[in-house]
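Participant: Provided below for reference: sequence and predicted model.
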Amino acid sequence: MSDHAIDHEHHGPAKGLMRWVLTTNHKDIGSMYMWFSFAMFLLGGSMAMVIRAELFQPGLQIVKPEFFNQMTTMHGLIMVFGAVMPAFVGLANWMIPMMIGAPDMALPRMNNWSFWILPFAFTLLISTLFMEGGGPNFGWTFYAPLSTDYAPPSTTFFVLSIHMMGVSSIMGAINVIATILNLRAPGMTLMKMPLFVWTWLITAYLLIAVMPVLAGAVTMVLMDIHFGTSFFNAGGGGDPVLFQHVFWFFGHPEVYIMILPAFGIISAIIPTFSRKPLFGYTSMVYAVASIAFLSFIVWAHHMFTVGIPLVGEVFFMYATMLIAVPTGVKVFNWVATMFKGSLTFETPMLFSIAFVVLFTIGGFSGLMLSIAPADFQYHDTYFVVAHFHYVLVPGAIFAIFAGVYYWLPKWTGHMYDTALSKVHFWMSFIGMNLTFFPMHFVGLAGMPRRIPDYNLQFADFNMVASIGGFMFGATQLLFLFIVIKCVKGGPKAEASPWEGAHGLEWVVPSPAPYHTFTTPPEVK
């Protein structure tokens, strides 16, 4: 801790605030990431509530179409960059040093900086809604020319906020890699690391590889708007499809960045409550690495309808289908871990089992979308919305809930209200399925996405989806209550709160490593 921070330790009310502003402690920073991501989750979720309220019945009733478009755009951006990614970074900050026997993250001051960039980035993003012409209204994928020739003036600020998020992500990823490669306890080889650590190591490499590509895309957008370039303007010799190639070369690995850490969390929880070691550890590591590699060569499956050559469609179709193989390995390994195990169904296990079942449904609809000729029918319908929400809500978000419920006793020293946590699970499970399952049907029937009005034939399913959405959204306030109640107090957590469950990856038995932060015993 710096002298400046130590000065604040003894001076009145500043002490409390400055502890958080100046902290380099991985647990403090992990907690700040988690609270920030939850705030963004509620904000992005409230925007989803606006969307579902408008779609509750046909006709334009609550918001103007322009504002509806701003809500769909901001909901996507905030959920991806503000809710899911910072939550996983928070879990990484909290757990990776403890799992590998490190005293802290390798670069503690950079850790502090990479967090504190985020509140400013998202304040800037949200402020665009109050600017002349309104906020971004072109979808979270901000396709040109919507984001260049037809964009509101606030787009410049949107671009700056995306740059800031990217800088934060890259620094966080560098920190994770430096920590895992340099600060492991003696005897902790790479193939002995908990799978959560492995998934984050691979995720961090993905982040470093693709965040600069996003930075390039938004910079080209900025140049087209302000500096007379024509990267995406056919009138000046550019090509709007170029934007899609650059964006999805970032965007497809990005969706794996949002799911790989979830695989690590589930791989920690399922063995615990099955009271068995994880089945096929080595194959899991190779499966994660394969998924990460393949994620770089499938980007144009988002672009089957733009007129890419037939040979391109065939390549991207088969490359995409290939991802089902390592993903299948992971699912079968989780099921094999549970098979003949001594299962108990605590809340983290409930979320994990829901993850395996529902994420697999999302995977199957993804396989359907990978079929190029069929995708001409599915493309830009609600079927796509159903697919990626089945991957991201029971995938990323349920895994985050599972991880929080699993590690909260360790973080706080208290046990949370298990009865309420199971209510939270079942309400989330039912609400989520009510919201997104009907979207498969309206999508296959031809309902387009990102449109504030629809044909009467889609009314019933949309009403069901909206009721489910309100239910899912309201339930997250219960989660907030459970966590605050646990942080404030409650029954003391046991040393191993999961009743001696096998395979808890909290404590690394090896001694802490000797390096620059500690004095070797012979010197003391």
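Facilitator: Arrived safely, thanks for sending. Residues are numbered from 1 along each chain as shown.

Participant: pull the residues that contact the helix or strand that contains Met321.
Facilitator: Using DSSP states H and E, the element containing Met321 is helix 310-322. Identification of contacts with helix 310-322 by C-beta atoms under 8 Å, 6 or more residues apart in numbering yields 294, 297-301, 304, 308, 366-367, 370-372. No exception for glycine: its C-beta is placed from N, CA and C like everyone else's.

Participant: how about Asp375, nearest residue that isn't a chain neighbour?
Facilitator: With C-beta to C-beta, 6 or more residues apart in numbering as the criterion, Asp375 has its nearest non-adjacent residue at 4.4 Å, and that residue is Phe304.

Participant: from memory that neighbour sits against Gln377, does it?
Facilitator: No - with contact defined as C-beta atoms under 8 Å, Phe304 does not reach Gln377; the gap is 10.6 Å.

Participant: neighbour count winner among the two?
Facilitator: Phe304 (23 against 14; other C-beta atoms under 10 Å).

Participant: dump the residue contacts of the more buried one.
Facilitator: Going by C-beta under 8 Å, 6+ apart, the list of residues near Phe304 reads Glu313, Phe316, Met317, Ala372, Asp375, Phe376, His379.

Participant: among the residues you listed, name the buried ones.
Facilitator: Glu313, Phe316, Met317, Ala372, Asp375, His379 (16 or more other C-beta atoms under 10 Å).

Participant: give the rounded mean pLDDT of stretch 73-83.
Facilitator: Across stretch 73-83, pLDDT averages out at 98.

Participant: hmm, who's touching it?
Facilitator: For stretch 73-83, using C-beta under 8 Å, 6+ apart, the contacting residues are 36-38, 40-41, 43-45, 47-48, 51, 118, 122, 125-126, 129, 135-142, 162, 165, 254, 258, 392, 397.

Participant: and that stretch, how far out from the chain's middle?
Facilitator: Put simply, stretch 73-83 sits 10 Å off its chain's centre (C-alpha atoms, centre = their mean, to the nearest Å).

Participant: next one: stretch 308-315
Facilitator: With C-alpha atoms, centre = their mean, you get 30 Å for stretch 308-315.

Participant: repeat for stretch 218-236
Facilitator: 30 Å.

Participant: ends of it, what's the gap?
Facilitator: 19 Å (C-alpha to C-alpha, to the nearest Å).

Participant: neighbouring contacts of it?
Facilitator: Applying C-beta under 8 Å, 6+ apart, the set of residues contacting stretch 218-236 is 142, 144-145, 147-149, 151, 155-156, 159, 162-163, 237-240, 242-243, 246.

Participant: how close does Ala121 get to Leu183?
Facilitator: The gap separating Ala121 from Leu183 is 28 Å, by C-beta to C-beta, to the nearest Å.

Participant: what do you get for Trp248?
Facilitator: 35 Å.

Participant: in the longest helix anywhere in the chain, what counts as buried?
Facilitator: In the chain, with assignment by DSSP state H, the single longest helix is helix 195-226. Neighbour counts over helix 195-226 (16+ other C-beta under 10 Å) mark 195-211, 213-215, 217-218, 220-222, 224-225 as buried.

Participant: quick one: low-confidence parts of the protein?
Facilitator: Scanning the chain for pLDDT under 70 picks out 1-14, 499-524.

Participant: residues in contact with the spatially most central residue of it?
Facilitator: By C-alpha atoms, centre = their mean, the chain has its centre lying nearest to Val84, at 2.9 Å. By C-beta under 8 Å, 6+ apart, Val84 lies in contact with Ser37, Met258, Leu392, Ala396, Ile397, Ile400.

Participant: again with Ala217
Facilitator: Ala217 neighbours (C-beta under 8 Å, 6+ apart): Phe243, Val246, Phe247, Phe250.

Participant: what about the residues you listed, which are in helices?
Facilitator: Phe243, Val246, Phe247, Phe250.

Participant: count the neighbours of the second one for me.
Facilitator: Yep, that's Val246 we're talking about. 21.

Participant: these two touch, right, it and Val210?
Facilitator: No - Val246 is beyond contact range of Val210, at 10.7 Å (criterion: C-beta under 8 Å).

Participant: so where do the helices sit in the stretch 301-450 of the chain?
Facilitator: Along the stretch 301-450 of the chain, the segments classed as helices by DSSP state H, counting those that start in this stretch run 310-322, 324-338, 347-369, 372-378, 382-391, 398-412, 418-444.

Participant: mind giving me CSV with the ones you listed and columns for distance to Ala178?
Facilitator: Formatted as CSV, those follow (distance: least, C-beta to C-beta, whole Å):
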stretch, distance to Ala178
helix 310-322, 32
helix 324-338, 27
helix 347-369, 29
helix 372-378, 40
helix 382-391, 30
helix 398-412, 23
helix 418-444, 35
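
Participant: so which of those gets nearest Ala92?
Facilitator: Minimum separation from Ala92 across the helices of the stretch 301-450 of the chain (C-beta to C-beta) falls at helix 398-412, 10.4 Å.

Participant: CA atoms of the closest one as PDB?
Facilitator: This file holds the C-alpha atoms of helix 398-412, laid out as PDB (Å, rounded to 0.1, in the frame of the first residue of the first chain):
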ATOM      1  CA  PHE A 398     -26.600 -18.800 -14.400                       C
ATOM      2  CA  ALA A 399     -22.900 -19.700 -14.100                       C
ATOM      3  CA  ILE A 400     -22.200 -16.400 -12.400                       C
ATOM      4  CA  PHE A 401     -25.100 -17.000 -10.000                       C
ATOM      5  CA  ALA A 402     -23.800 -20.500  -9.300                       C
ATOM      6  CA  GLY A 403     -20.300 -19.100  -8.700                       C
ATOM      7  CA  VAL A 404     -21.500 -16.400  -6.300                       C
ATOM      8  CA  TYR A 405     -23.700 -18.900  -4.300                       C
ATOM      9  CA  TYR A 406     -20.700 -21.400  -4.300                       C
ATOM     10  CA  TRP A 407     -18.100 -18.900  -3.100                       C
ATOM     11  CA  LEU A 408     -20.200 -16.400  -1.100                       C
ATOM     12  CA  PRO A 409     -19.600 -18.300   2.200                       C
ATOM     13  CA  LYS A 410     -15.900 -18.100   1.600                       C
ATOM     14  CA  TRP A 411     -16.000 -14.400   0.700                       C
ATOM     15  CA  THR A 412     -18.200 -13.300   3.600                       C
END
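
Participant: and that helix, what other elements does it pack with?
Facilitator: helix 26-54, helix 85-100, helix 260-274, helix 347-369, helix 418-444, helix 459-488 (3 or more C-beta pairs under 8 Å, 6 or more residues apart in numbering; DSSP states H and E).

Participant: name the residues of stretch 282-292 that are buried.
Facilitator: Met284, Val285, Ala287, Val288, Ala289, Ser290, Ile291, Ala292.

Participant: helices or strands up against the helix or strand harbouring the last one?
Facilitator: Taking DSSP H and E as the definition, Ala292 sits inside helix 281-294. Secondary structure elements in contact with helix 281-294, counted by 3+ C-beta pairs under 8 Å, 6+ apart, are helix 195-226, helix 240-257, helix 260-274, helix 324-338.

Participant: His414: which of the ones you listed is closest?
Facilitator: The nearest among the helices and strands packed on helix 281-294, by C-beta to C-beta, is helix 260-274 at 19.0 Å.

Participant: now find how far off-centre that closest one is within its chain.
Facilitator: 16 Å.

Participant: same thing with stretch 35-53?
Facilitator: 14 Å.

Participant: one more: stretch 51-71?
Facilitator: The mean C-alpha position of stretch 51-71 is separated from the chain mean by 26 Å, C-alpha atoms, centre = their mean.

Participant: I'd guessed Ser274 sits against Leu343; true?
Facilitator: Yes - counting by C-beta under 8 Å, Leu343 is a contact partner of Ser274 at 5.7 Å.
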